[in-house]
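Asks: structure, please.
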Amino acid sequence: MKHRQLAGTGTLLRLALRRDRVMMPVWILAVAGLVLSLPASLASVYETPAERARLLSTMSANGSLRALYGPAFGDSIGALSAWRGGVFAGLLAGVMSLIIVIRHTREEEETGRQELLSAAMVGRRAPLTAALLAALTANALVALLVTAGLAGRGAGGALALGLGIGATGMVFASAAAVTAQLTESARLAKGLAGALLGAAFVLRAAGDAGSANGSSALTWISPLGWLEHVRAFADERWWVLALFAAAFAVQTATAYLLAGRRDLGMSFLAVRPGPAEGRLGSAGALAWRLQRGGLLGWSLGFLVAGVVFGGMADGATELVGDNAKTREIIERMGGAGVAAGGGAGGGAGLTDAFLATMAGMLGLVAALFIVSAVLRLGAEESGQRAEPVLAHAVGRLRWAAGHLAVAFGGSALILLLGGLGLGIGHGADLAQTVGGCLAQLPAVWVIGAVAALLYGAVPGYASAAWAVAGAALALGWIGPALNLPGAVLDLSPFAHLPRIPGSEALTWAPLLTLTALAAALLAAALTALRRRDLAA
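Replies: Sure thing, here's the model as predicted:
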């Protein structure tokens with residue numbers, strides 16, 4: 001009987017891997033690349049043991065930095081790499097895993113494809129098993145790349161970090177498997193799983209902010225805190241991996257239990273029917289209703305992140321000290337005026353550059369929001385929810401305009417809140433911090449317009465917009481630290497923006513050029529959407 005419930009798992013796994021043949025490698029390389037790019041960068045900046053020991057001492061005394069990165073348990077290049085990239089790699093692995101699992105479970109049911117597959121020799125629990133195996137494949141490859149890439153720094157530490165990152169991804173894969181059983185909407189399932197991931201980060205950050213060695217109970221509640229306590233390259237704690245295994249086992253068993261107690265397409269959380277008139281009397285109002293929850297979450301996240309980043313700015317001068325190479329990296333990321341160095345002026349220039357860097361990071365993350373919001377059009381079309389709307393007196397352009405207005409207007413809103421948070425956290429001039437964040441908007445809009453063009457012209461490849469946003473994120477985040485050539489960095493629209501606040505003067509030409517480019521791409525996207533057939 002159990003064998004019949006898993007019938008067809010291998011076929012579904014091959015199908016999932018084929019469908020994710022572009023998305024999965026991009027995510028794997030992004031997660032592993034984040035970690036593997038750090039040793040060379042750290043070794044070039046902190047060349048001597050004394051410099052690394054000073055960094056460790058300064059960082060351990062800074063609660064804001066511990067909240068962001070966690071505590072460091074050693075001053076070797078490997079230990080500092082695990083400190084600098086471990087939490088964020090685990091976070092990205094969690095995002096990758098929840099997307100994979102929900103994509104091949106709840107999303108398949110929502111679009112009706114699972115019903116067609118289930119008409120063949122497919123067991124009841126085969127789709128969930130195939131989705132978890134696909135996530136396991138992705139996380140295993142991440143672990144393998146991290147282990148192989150850092151083995152030269154210490155085989156035991158490399159293996160511990162690789163297994164920790166992969167295990168973190170699998171914990172959130174199993175959490176997504178549970179949320180996929182609870183809701184009828186793939187978007188809501190992702191939202192619930194994402195909320196769990198965000199809560200894990202907040203708990204870890206709160207615990208690490210109050211404890212220099214990660215001993216807080218809040219840190220131990222979070223899987224991201226467990227990743228820290230593996231202590232890669234610093235007297236590894238292999239027994240912590242058992243916590244990941246236990247959490248995965250419990251959540252997976254819960255998901256299988258729930259999957260066996262519901263009908264295909266149904267859920268355990270009731271869906272409330274909305275009003276058919278009034279506030280939902282237009283396509284734009286419907287788009288707002290569908291996306292307002294996600295926009296609210298992003299808005300709160302940007303406001304909180306801005307406050308945290310702003311609070312870290314005062315410690316930037318102390319952390320960098322007289323390390324000229326670190327100053328150079330921050331200068332490349334945050335604008336001119338840092339390397340002038342020395343005295344109060346140098347500290348003020350460094351602080352401004354740090355704030356400009358954080359504004360740039362918020363802009364890069366905002367690109368992920370706009371891609372998600374634009375691609376909601378594709379989800380509505382593939383889920384056959386667009387057809388009933390377009391059957392009335394609503395044209396395609398009017399229908400699309402509602403979602404695009406939320407995407408492009410929402411990106412402006414979250415960057416505005418991020419700038420307010422930066423100013424509040426640092427006590428700086430709000431006009432400068434808000435201006436610095438809003439200066440990122442034209443580049444964000446270009447990424448969103450590319451996503452719209454892909455959806456409008458080649459909807460089957462619309463998911464490639466995630467690769468575009470991911471490439472911009474990688475170039476902006478890792479590129480300056482690796483001192484990549486200017487020609488490579490210039491491939492990202494964010495590389496052409498003025499850095500504010502800082503000594504760099506505001507220039508309108510790149511802002512207007514990027515805005516015009518976004519408008520042209522958006523016009524081409526709407527033209528393509530108007531001319532092509534919608535999914536049947």
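Asks: the host helix or strand of A160 packs against which elements?
Replies: Per DSSP states H and E, A160 falls inside helix 155-182. On a contact count with 3 or more CB pairs under 8 Å, 6 or more residues apart in numbering; DSSP states H and E, helix 155-182 meets helix 23-36, helix 77-103, helix 126-150, helix 186-210, helix 223-229, helix 241-259. To be clear about C-beta, it is placed using only N, CA and C from the backbone, and glycine gets the same treatment.
Asks: which stretch among those comes nearest D429?
Replies: Minimum separation from D429 across the helices and strands packed on helix 155-182 (CB to CB) falls at helix 186-210, 25.9 Å.
Asks: any buried residues in that closest one, and which?
Replies: If you call a residue buried by 16 or more other CB atoms under 10 Å, then helix 186-210 has these buried ones: 186-194, 196-198, 200-209.
Asks: ok, back up a step: how about the helices and strands packed on helix 155-182 in a markdown table, adding mean pLDDT?
Replies: Formatted as a markdown table, the helices and strands packed on helix 155-182 follow (pLDDT from 0 to 100):
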| stretch | mean pLDDT |
| --- | --- |
| helix 23-36 | 88 |
| helix 77-103 | 90 |
| helix 126-150 | 94 |
| helix 186-210 | 84 |
| helix 223-229 | 93 |
| helix 241-259 | 94 |
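Asks: so which of these comes closest to A451?
Replies: helix 23-36 (13.9 Å).
Asks: for the closest one, C-alpha coordinates in CSV please.
Replies: Taking Å, rounded to 0.1, in the frame of the first residue of the first chain, the C-alpha atoms of helix 23-36 are listed here in CSV:
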residue,chain,number,x,y,z
MET,A,23,16.2,28.3,-12.0
MET,A,24,17.9,25.7,-9.8
PRO,A,25,21.4,26.1,-11.1
VAL,A,26,21.1,29.9,-10.8
TRP,A,27,20.1,29.5,-7.1
ILE,A,28,22.7,26.9,-6.4
LEU,A,29,25.5,29.0,-7.8
ALA,A,30,24.2,32.1,-6.1
VAL,A,31,24.1,30.5,-2.6
ALA,A,32,27.5,28.7,-3.0
GLY,A,33,29.1,31.7,-4.8
LEU,A,34,28.2,34.0,-1.9
VAL,A,35,30.3,31.8,0.5
LEU,A,36,33.1,30.9,-1.9
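Asks: now do that helix and helix 77-103, the angle between them.
Replies: With axes from the mean of the first three to the mean of the last three CA atoms, to 10 degrees applied, the angle from helix 23-36 to helix 77-103 works out at 160 degrees.
Asks: so how far is helix 23-36 from its chain's centroid?
Replies: Helix 23-36 sits 12 Å away from the centroid of its parent chain (CA atoms, centre = their mean, to the nearest Å).
Asks: over to stretch 220-230?
Replies: 19 Å.
Asks: now the helix holding A160: buried residues?
Replies: Residues of helix 155-182 classed as buried: 157-182 (neighbour count, 16+ other CB under 10 Å).
Asks: now the angle from that helix to helix 186-210?
Replies: With the same axes, to 10 degrees defining the directions, helix 155-182 sits at 140 degrees from helix 186-210.
Asks: so for helix 155-182, mean pLDDT?
Replies: For helix 155-182, the mean pLDDT works out to 94.
Asks: any idea how far M121 is from L128?
Replies: Per CB to CB, to the nearest Å, M121 is found 17 Å from L128.
Asks: with T219 instead?
Replies: Taking CB to CB, one finds T219 at 31 Å from L128.
Asks: kindly report the same for L15.
Replies: Distance from L15 to L128, by CB to CB: 14 Å.
Asks: picking up where we left off before, now do the helix holding A160: distance to the chain's middle.
Replies: On the basis of CA atoms, centre = their mean, helix 155-182 is displaced by 16 Å from the centre of the chain it belongs to.
Asks: circling back to that earlier point, with neighbour numbers in mind, choose between L15 and L128.
Replies: L128 (26 against 17; other CB atoms under 10 Å).
Asks: who's in contact with that one?
Replies: 105, 177, 180, 255-256, 259 (CB atoms under 8 Å, 6 or more residues apart in numbering).
Asks: out of those residues, who's nearest G225?
Replies: Using CB to CB, A177 comes nearest to G225 of those, at 21.8 Å.
Asks: name the nearest residue to the closest one, ignoring sequence neighbours.
Replies: Distances taken as CB to CB, 6 or more residues apart in numbering place A255 nearest to A177, at 3.7 Å, with adjacent residues excluded.
Asks: hmm, A189 and the one you found touching each other?
Replies: No: if you go by CB atoms under 8 Å, A255 and A189 don't touch, sitting 11.4 Å apart.
Asks: who touches both of the two?
Replies: A180.
Asks: quick one, helices of the stretch 251-400 of the chain?
Replies: 283-312, 316-320, 324-334, 343-374, 376-382, 386-390, 396-426 (DSSP state H, counting those that start in this stretch).
Asks: okay, these in JSON lines with distance to G476 and mean pLDDT next?
Replies: Rendered in JSON lines, the data for the helices of the stretch 251-400 of the chain read as follows (distance: least, CB to CB, whole Å; pLDDT from 0 to 100):
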{"stretch": "helix 283-312", "distance to G476": "15", "mean pLDDT": "84"}
{"stretch": "helix 316-320", "distance to G476": "18", "mean pLDDT": "59"}
{"stretch": "helix 324-334", "distance to G476": "8", "mean pLDDT": "56"}
{"stretch": "helix 343-374", "distance to G476": "5", "mean pLDDT": "78"}
{"stretch": "helix 376-382", "distance to G476": "25", "mean pLDDT": "83"}
{"stretch": "helix 386-390", "distance to G476": "34", "mean pLDDT": "77"}
{"stretch": "helix 396-426", "distance to G476": "15", "mean pLDDT": "91"}
